[in-house]
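1. here's my sequence, what's the structure:
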Amino acid sequence: MNLVERVKAILLTPKTEWSVIEREPGDVAYLFTNYVAILAAIPAVCSFIGAVLIGIPIVPALIGAIVGYALTFVGVYVMALIIDVLAPTFGAQKNAANALKLSSYTPTPYWVAGVFLLIPGLRVLTAIAGLYGLYLLWVGLPPLMKSPGDKSLIYLVAIIVAAIVIGIVISIVIGALVGFALFI
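-> Okay, here's the model as predicted:
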């Protein structure tokens, strides 16, 4: 997998890219090392720089960025577990590898748009770009989890609710550790 080509394909042609991804192995070590680790670093590094630029002391900003980066892996993995566990409830097939692929690739727009975290006033653009990840998830559920069309929307909503809860928990953990949340 060429990282730049994968990012470009998942963002620009997700319907065809999910079919390609579906045929690939869903190895945790491979996905985390070759995709999540690299892309998740973008918002972590940029939020650290942005925080320092607005006057947050370097040490708390660095701790926040490191903890946020580490918790990204936890969030991706927990989301994969949730996607897989919920699958039968919505008529989809349990498939842990494909659930991990979904949870690893759907945050791509957020991670890429993480560059906007360099400038605190543009942070909302990162959130807006992250919303495109919902579309990626929607398009990816049928080919990867074999979710039937009539239940895909409610399956998507359940996953989104779980993602919001996980995001809030991660923000609370970061906030508790450093006194502020970098990723909100």
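
2. what residues of stretch 14-22 count as buried?
-> For stretch 14-22, the neighbour count (16 or more other C-beta atoms under 10 Å) marks Pro14, Glu17, Trp18, Ile21, Glu22 as buried. Placement of C-beta: from N, CA and C, glycine included.

3. which residue is nearest the middle of the protein?
-> Centroid-nearest residue in the chain, with C-alpha atoms, centre = their mean: Pro107, separated by 2.9 Å.

4. surely Tyr132 meets Pro109?
-> Yes - counting by C-beta atoms under 8 Å, Tyr132 does reach Pro109; the two are 4.1 Å apart.

5. more neighbours: these two, which one.
-> Pro109 (21 against 17; other C-beta atoms under 10 Å).

6. that one against Leu134, yeah?
-> No - taking C-beta under 8 Å as the definition, Pro109 is not a contact partner of Leu134, at 9.4 Å.

7. show me the contacts for the residue nearest to Val74 when sequence neighbours are not counted.
-> Excluding the flanking residues, the one nearest Val74 by C-beta to C-beta, 6 or more residues apart in numbering is Ile170, at 7.7 Å. Ile170 is in contact with Gly68, Leu71, Thr72, Val74, Gly75, Phe183, counting by C-beta atoms under 8 Å, 6 or more residues apart in numbering.

8. just Ser19 next, same as before
-> Ser19 makes contacts with Pro143, as judged by C-beta under 8 Å, 6+ apart.

9. just the element for it, please.
-> Assigning secondary structure by DSSP states H and E places Ser19 in helix 14-22.

10. can you give me the offset of the lowest-mean-pLDDT helix or strand in the chain from its chain's centre?
-> Ranked by mean pLDDT, DSSP states H and E, the weakest helix or strand in the chain is helix 149-178, scoring a mean of 87. Helix 149-178 sits 10 Å away from the centroid of its parent chain (C-alpha atoms, centre = their mean, to the nearest Å).
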